[in-house]
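1. Take a look and give me a structure for this.
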Amino acid sequence: MKKITRVLALVMALVMVLAIAGCSKKTNTGDNTDTQNSSNSGTTNSGSTDSGSKTPDNGGSTNTPVETQYEYNITIWCPEKEVPLRKQQVEDFNNTNTDGIKFNASIEAVSEADAATQMITDVEAGADLFNFAQDQIARLIVAGALLKLDDEAASFVKSSNDEGAVAAVTSGDALYGFPITSDNGYFLFYDKSVVSEEQAKTVQGVIDACKAAGRTFAAPLKNGWYVAGWFFGTGCDSTWTADEEGNYVGLNDTFNSDNGLVAAKGIYQIMSSDVWVDSDQISAFDAAIPAGALVCGPWANGEAKQILGDNLGAAKLPTYTVDGKTYQIGSFCGSKILGVKPQTDGTKAICLTILAEYLSGKECQLQRLQNADLQWGPSNLEAQQSAEIKEIPGLVALAAQAPFAKPQGTVSGKWWDIGNALGAGIGESDGSDAALKALLQNYEDQCRAVINMTSEEKDKWGVVGSFLDSEWSKDYDLNRVPETGDITFYSDALDLKAGNELKVRQGGGWDVNFGGDGKRDGANLVVDADGVYFVKFVVNEALTEATLTLEKTSYMEWSVIGALLDSNWDKDFEMEVQADGTTYVLAGVDLKAGNEFKVRKAHAWDINYGADAARDGANLVVAEDGTYTITFDSTTGAITFTK
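-> Numbers count the residues shown, from 1 in each chain. Reported below is the predicted structural model:
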């Protein structure tokens, strides 16, 4: 006999609830129908944010058409390369599921990197199903953007996937997603015509082979995500603890230790070699001086094969020796996850859960593995035994690296800059124990400072980027306009060059940041031309939308005010900063004889200048009508106005 479906079980349960309610004295005048889903046949709104109960009968296909009982219009987000396959998989689900479920799916290209931010920004407007990276799960749970799995769905996930993937979707005692890969890690690609299989086993072997062939050893050792692997390999840990509101309240980090010193020495061995270059781009194999080896991840499998052909080699990360002892380089590992948005319609939530199980199941994971544009490493235990994996060197190497990998949990967005700086500092040091210990102590101090940040520090906005030799390592404060209206900030005057890139972020970390397109985690704002500019940033209360522009004037800097231009000391005319960064000009001003004015800062009288370059000095008086240019030297307070 066919098992009862989850959907039918839910409907029966709801009927019983409604029957009991009908026998009570309480009168329900509300409407339990989900009016936002008019294509839904025979479903009711349970108000549930859980995924229901009972096992679905969705594992096999049938030659007998099943009458559609539950039809929904939904939105699905996935990376652009996956869109064609995802469309086919949803169509296959519609044709084969035996629960009478049909989805009219709008499948949109949204990367894992962007999906979490967009969901957090506006859960209601977000997708019903979406891919995301595992380190985003805490943010999504706090935002109420992930459906908590019921016992049946949780059992499916636990029994079908490897331990690391299950851990990736677990928070407390609950599960909040469906793993679809276990391939977010890194290993060693190498050119077999340069580096032998034996040489690829050790750092020194790789360095020697590359040096002999005049090649480079590419390893992104100024990137904290990769740098952490060396520390994990010596037994160090870095685990962040967040409260229910997503604030980081605890940290177990042992990088500043004897084992951490070993890791730093191992990193220095590579960075101080003549062959090291800082890159994780597979194009390094095709550079003017090509790489002989590269630390990278499985996302580059296809391109690596195209460049190296039969010379493509891949292996777990090599070992290195410090003070006569050998250590294995570790790594982060992680999963891509399929999330389900909570629904007001409980039946729809069940149907979406059934679809998510299908899309994260063995067959769909194998299809993604076999797709030449994807070649994603499966989390499904059965799919991991597939012969196809053995034909993709990168996935074989990733599996070999797995025993030395730490699952990537949620970390403070500020940690990435701290980790980046640690790697860069090691490379710039002399490699001595004293220098490396100082770097590790500074690293620990910065991590502890994140935990101890004041609310004012967390709320502070700043500009960061590749300008003024800061290379994304320094935040330049933004100052808020002290007036009501849109939340508006300005930077101080910044000397920017064409091609410089920048963003605005909060609290000195990457949890909340905006790009030039005004989107959270958006694209960098790129400077078009050399000049001195003010960065103007306007953001809404919800921190979901913003505008980021480069301006020649600033509310927070110098302006002309007076009895002029039909104003009577009640309007500021902001002055443009000049190339020297200290001179300000208001040009083309039609003045009348007898007009009076002064120059003041930030639309306030705390700092103002008048005649004779005097602070709080007398008003300047216009002698005759004309069109003038008013010039102010902010270093001396001198004001001139000439026709």
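2. Next secondary structure element downstream of the helix or strand bottoming out on mean pLDDT in the chain?
-> Lowest on mean pLDDT, DSSP states H and E among the helices and strands of the chain sits helix 6-23, with a mean of 45. Remark: after helix 6-23, the chain's next helix or strand is strand 70-78, criterion DSSP states H and E.
3. where's the nearest residue to Glu71 once chain neighbours are set aside, which helix or strand?
-> The spatially closest residue to Glu71, leaving aside those adjacent along the chain, is Lys102, at 4.5 Å (Cβ to Cβ, 6 or more residues apart in numbering). For every residue, glycine as well, the C-beta is placed using N, CA and C. Using DSSP H and E, Lys102 sits within strand 101-109.
4. Now the next helix or strand after that strand: buried residues?
-> Following strand 101-109 in sequence order, the next helix or strand is helix 112-121 (DSSP H and E). Neighbour counts over helix 112-121 (16 or more other Cβ atoms under 10 Å) mark Glu112, Asp114, Ala115, Ala116, Thr117, Gln118, Met119, Ile120, Thr121 as buried.
5. Give me the distance between the fifth one and Gly409.
-> Plainly put, Thr117 is 18 Å away from Gly409 if you go by Cβ to Cβ, to the nearest Å.
6. can you pull the buried residues of stretch 533-552?
-> Residues of stretch 533-552 classed as buried by neighbour count (16+ other Cβ under 10 Å): 533-539, 544, 546, 548, 550-552.
7. related to what we said a few turns ago, count the neighbours of the residue nearest to Glu71 for me.
-> Neighbour count for Lys102, taken as other Cβ atoms under 10 Å: 20.
8. quick one: contacts for it?
-> Contact partners of Lys102, counting by Cβ atoms under 8 Å, 6 or more residues apart in numbering, are Thr68, Tyr70, Glu71, Tyr72, Asn94.
9. surely Lys158 meets Ala165?
-> No: because the distance of 9.8 Å does not satisfy Cβ atoms under 8 Å, Lys158 is recorded as not touching Ala165.
10. Pull out the buried residues from the strand holding Lys102.
-> Ile101, Lys102, Phe103, Ala105, Ile107.
11. pretty sure Ala523 contacts Gly516?
-> Yes: contact criterion Cβ under 8 Å: Ala523 and Gly516 qualify, at 6.0 Å.
12. which of these two has more neighbours?
-> Gly516 (19 against 11).
13. Could you check how far the more buried one is from Leu494?
-> According to Cβ to Cβ, Gly516 and Leu494 sit 15 Å apart.
14. thinking again about what came up before, in TSV: the buried residues of helix 112-121, plus distance to Thr234.
-> Output for the buried residues of helix 112-121, formatted as TSV (distance: Cβ to Cβ, whole Å):
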residue	distance to Thr234
Glu112	30
Asp114	35
Ala115	34
Ala116	31
Thr117	34
Gln118	38
Met119	37
Ile120	35
Thr121	39
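15. and which of those is nearest Gly427?
-> Glu112 (29.8 Å; Cβ to Cβ).
16. residues in contact with that closest one?
-> Pro79, Asn131, Phe132, Ala133, Lys336.
17. got a winner among the residues you listed for most neighbours?
-> Phe132 (28 neighbours).
18. and it, backbone torsions?
-> phi -150, psi 160 (degrees, to the nearest 10).
19. Can you name the residues bridging to it?
-> The partner list for Phe132 in beta bridges (DSSP bridges) reads Ile337.
20. give me every residue that touches it.
-> Glu112, Ala115, Ala116, Met119, Leu140, Gly177, Lys336, Ile337, Gly339.
21. Equivalent analysis for Leu338, please.
-> By Cβ under 8 Å, 6+ apart, the contact set of Leu338 is Leu129, Phe130, Asn131, Gly177, Phe178, Pro179, Ile180, Ala356, Leu359, Ser360.
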